[in-house]
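**Q** Turn this into a model:
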Amino acid sequence: MNAPDISTKVATDVSAFKGEDRDARHLIARASGPAMLVHASGKVIDHNPDAAILAEAMKARDPDLRGLIFSAAACGAPVGGRITLGEDEADHQAYEVQATPFGGDHLLITARDVTFETNLTRALLKSRDLYKDLMHCSADFGWETDAHGTFSYVSPMGALGWSAQDMNGRSAQSLLKLAPEDTSIVFSTRIPQKATKVWASNKQGESVLLLVSCVPVFDAQGDWRGARGVARDITREHERDKALKLDQARQSLLARIVLDIRTEADPLEILSSASAAAAQALRTDKAWALRRRDADNEDTINRSPEDTPLVQLAIKALERPGHESDEDAFVELGQGDHANCLIATAGLAQGISATLAFSRDTMTEPWRAHEVELIHGITGHLAIALKQAEMMRKLRILSRVDDLTGLLNRRALFEEMAKRLGHQKRSRRQGCFLFIDLDYFKQVNDRLGHAAGDAVLRKLGQLMREQSRVGDLEGRIGGDEFGLWLEDTDLAGAHHKAHSLLAQVPNLRKAAGDPASPLSMSIGIAQTAPEFIETPDMLADAADEALYKAKKNGRSTIVVAEPRSYPGMPDTNSQGR
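**A** Predicted coordinates for the structure are as follows:
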């Protein structure tokens, strides 16, 4: 005989249940929350309006709800549990459900809507996670202290090398080696504090800077019981900011010193300005030395006006072998007896080099890295400034000097003569100008070549330099014409000078390579007239006229210009006397 199918069995059970139908409906109607009557097979017999969602879940064969019902039916005793209906978090419903056997194969289902409680729990969990994340992002550790300044709570990760267990129960002041005033400001604060900086020590004894925000803690009676807050180690940020500020200050100072250097044109003034500005910034004594090397590889050394051991150190550093390197600037600490010194060298540059030397009491104030960097930066700019100054000096020389003879060119000679004439107007002392022209020079070029002619011009330039006094001016006016200014000289002295030049004619012929050459020179002399205002051109014109007469008189002679007068040009120095 075949067993009846499940539908027949459920119909039979429901028919048998009719006797208790009124009681079940009464219980469901009076329930304060969701309630329904179901068969052990899962069929819903009856339910109140609050249980409509549960009835729908049963019909949809919700596995959690059906499993709870089957468990209660199997064990014949009440079974409870929590179920969640709905797939999306936004519209889910949560219930605490109890299935109680009722009348044989039936079960009475009662439930309580716990959706709000579930959502609240989830929100609290999220808030806890949010708090933990914010704590991790904003602080290294959270803490609380009691009325004695002892840690009563430290966040689980601990802080500054200590575990939370190490820190709890210990005095914040003694553990972190805080100053008493810092302890009262933060870890025993009685007023709220925000982003307060205090210095502390970590477990390794290293100094750390803490950024602390905290509030006081009061009990129900309003009595102060301690403090709580968060703290973050900002030592790295502090060091980075400090380094940035130092770098900004160094750059600002360097810019000022570089500006001072660049406004100077003379190497000695450049060195003096740079050493003074750097010494002021470093709070040190200073010295400098400058070396020039000319075309003949001869050294000229200038130094600070003071004669001190530091000056001698600067000179010694400048003369030390190996300074003629490709490195424009380098800085070194002194050795031995000069260990308190800092020496900077601007390497050989266009024939010029320099050293700066600084000293101070390094026992109380040792040299710092940023100071060495500052001096290195100054020295680099100093090397550039010296190069430029030396190049400008050479350009000025080239613009004033005749390439072939090394004498002043016409423009430079007349510029210097103008200064001397102005001075003589005040001193009332006389000077003389010699206009020199080579006789038969064209024949030297034509017969012996221009190389021979150039040799003659160079030789005459050399003789004029060698036989001149300090204060005299020698120049090549052009071609084979030369000019010689004799400072504070009368006509007798000018005649003597002219004759000494004529005596050198054999040397000129020898330079040309033909001792028998007719090469000679004619000289015109013009004496200044202090009673008149004269220019170099006026004096040169007078000497040129005398030179013309010397040429006309047979060459190789000396002629003195006639006394001159300049109508309409009164002596301004005599006005008002």
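**Q** all contacts plus neighbour counts: C-alpha atoms, from now on.
**A** Noted.
**Q** May I ask you to name the longest strand in this structure?
**A** strand 207-218 (DSSP state E).
**Q** Only the C-alpha atoms, please, for the helix or strand where E545 lies, written as CSV.
**A** Following DSSP states H and E, one finds E545 within helix 536-552. The C-alpha coordinates for helix 536-552 follow below in CSV (Å, rounded to 0.1, in the frame of the first residue of the first chain):
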residue,chain,number,x,y,z
PRO,A,536,96.1,116.7,-24.5
ASP,A,537,95.2,117.4,-28.1
MET,A,538,96.4,121.0,-27.9
LEU,A,539,99.7,119.9,-26.3
ALA,A,540,100.1,117.1,-28.9
ASP,A,541,99.4,119.6,-31.8
ALA,A,542,102.2,121.9,-30.5
ALA,A,543,104.6,119.0,-30.2
ASP,A,544,103.6,117.8,-33.6
GLU,A,545,104.4,121.2,-35.1
ALA,A,546,107.9,121.0,-33.5
LEU,A,547,108.3,117.5,-34.8
TYR,A,548,107.5,118.8,-38.3
LYS,A,549,110.2,121.3,-38.0
ALA,A,550,112.6,118.6,-36.8
LYS,A,551,111.8,116.6,-39.9
LYS,A,552,112.3,119.6,-42.1
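**Q** What is it packed up against?
**A** Applying 3 or more CA pairs under 8 Å, 6 or more residues apart in numbering; DSSP states H and E, we find helix 536-552 packed against helix 410-427, strand 432-439, strand 520-527, strand 558-560.
**Q** Run the angle between the longest one and helix 536-552 for me.
**A** This means helix 410-427. Helix 410-427 runs at 110 degrees relative to helix 536-552, counting by axes from the mean of the first three to the mean of the last three CA atoms, to 10 degrees.
**Q** got the buried residues for helix 410-427?
**A** Using 16 or more other CA atoms under 10 Å as the burial criterion, the residues of helix 410-427 that qualify are 410, 412-414, 417-418, 420-421, 424-425.
**Q** coming back round to it: mind listing what's buried in the helix holding E545?
**A** Quick answer for helix 536-552 (16+ other CA under 10 Å): 536, 539-551.
**Q** do the same with stretch 107-123
**A** The neighbour-count check on stretch 107-123 (16+ other CA under 10 Å) flags 107-115, 119 as buried.
**Q** Leaving out sequence neighbours, find the closest residue to the residue nearest the centre of the chain.
**A** Centroid check for the chain by CA atoms, centre = their mean gives D247 as the closest residue, at 4.8 Å. Once flanking residues are discounted, D247 sits nearest to H370: 7.7 Å by CA to CA, 6 or more residues apart in numbering.
**Q** Verify the stated contact: the one you found with L246.
**A** Yes. Look at H370 against L246 with CA atoms under 8 Å: they come within range, at 7.5 Å.
**Q** Need the overlap of contacts for the two.
**A** Common neighbours of H370 and L246 are not found (criterion: CA atoms under 8 Å, 6 or more residues apart in numbering).
**Q** longest single helix anywhere in this protein?
**A** helix 369-400 (DSSP state H).
**Q** and that one, what does it pack onto?
**A** Partner elements for helix 369-400 (3+ CA pairs under 8 Å, 6+ apart): helix 235-263, helix 267-282, strand 329-333, strand 341-349, strand 352-359.
**Q** let's see it at 10 Å
**A** Helices and strands touching helix 369-400, by 3 or more CA pairs under 10 Å, 6 or more residues apart in numbering; DSSP states H and E, are helix 235-263, helix 267-282, strand 329-333, strand 341-349, strand 352-359, strand 408-409, helix 410-427.
**Q** next one: that helix to chain centre, how far?
**A** When distances are taken as CA atoms, centre = their mean, to the nearest Å, helix 369-400 is centred 20 Å away from the chain's centroid.
**Q** in it, what counts as buried?
**A** 371-372, 374-390, 400.
**Q** got the angle between that helix and helix 235-263?
**A** 20 degrees.
**Q** just to revisit the earlier point, dump the helices and strands packed on helix 536-552 into TSV; add distance to E96 and mean pLDDT as well.
**A** Formatted as TSV, these follow (distance: least, CA to CA, whole Å; pLDDT from 0 to 100):
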stretch	distance to E96	mean pLDDT
helix 410-427	113	87
strand 432-439	127	95
strand 520-527	131	95
strand 558-560	137	94
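**Q** H450 touches G513, doesn't it?
**A** No. With contact defined as CA atoms under 10 Å, H450 does not reach G513; the gap is 12.0 Å.
**Q** Could you pull out the residues contacting both of these two?
**A** Common contact partners of H450 and G513 (CA atoms under 10 Å, 6 or more residues apart in numbering): 444, 456.
**Q** Name the helix or strand of this structure that has the lowest mean pLDDT.
**A** helix 6-17 (a mean of 39; mean pLDDT, DSSP states H and E).
**Q** how about the helix or strand following that one: buried residues?
**A** As assigned by DSSP H and E, the chain's next helix or strand after helix 6-17 is helix 21-30. Judged by neighbour count using 16+ other CA under 10 Å, the buried positions of helix 21-30 are 24-25, 28-29.
**Q** Can you tell me which of these is nearest F141?
**A** I28 (55.4 Å; CA to CA).
**Q** give me every residue that touches the nearest residue to A329 once chain neighbours are set aside.
**A** Excluding the flanking residues, the one nearest A329 by CA to CA, 6+ apart is A346, at 4.6 Å. A346 is in contact with 290, 318, 323-324, 327-331, 352-356, 376, 378-384, 386-387, counting by CA under 10 Å, 6+ apart.
**Q** from the middle of its chain, how far away would the helix or strand following the longest strand of the chain be?
**A** Tracing the chain past strand 207-218, the next element assigned as helix or strand by DSSP H and E is strand 224-233. Put simply, strand 224-233 sits 38 Å off its chain's centre (CA atoms, centre = their mean).
**Q** circling back: okay, the buried residues of helix 21-30 in TSV with distance to D260 next?
**A** As requested, the buried residues of helix 21-30 are arranged in TSV below (distance: CA to CA, whole Å):
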residue	distance to D260
A24	106
R25	105
I28	100
A29	101
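**Q** now the residues you listed in CSV, with pLDDT and distance to N302?
**A** Putting these into CSV (pLDDT from 0 to 100; distance: CA to CA, whole Å) gives the following:
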residue, pLDDT, distance to N302
A24, 75, 121
R25, 79, 121
I28, 87, 116
A29, 83, 117
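**Q** Distance to L460 for the helices and strands packed on helix 536-552 - can I get that in TSV?
**A** As requested, these are exported to TSV (distance: least, CA to CA, whole Å):
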stretch	distance to L460
helix 410-427	16
strand 432-439	10
strand 520-527	10
strand 558-560	17
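**Q** To D337, which of these lies closest?
**A** Taking the helices and strands packed on helix 536-552 one by one with CA to CA, helix 410-427 is closest: 49.6 Å.
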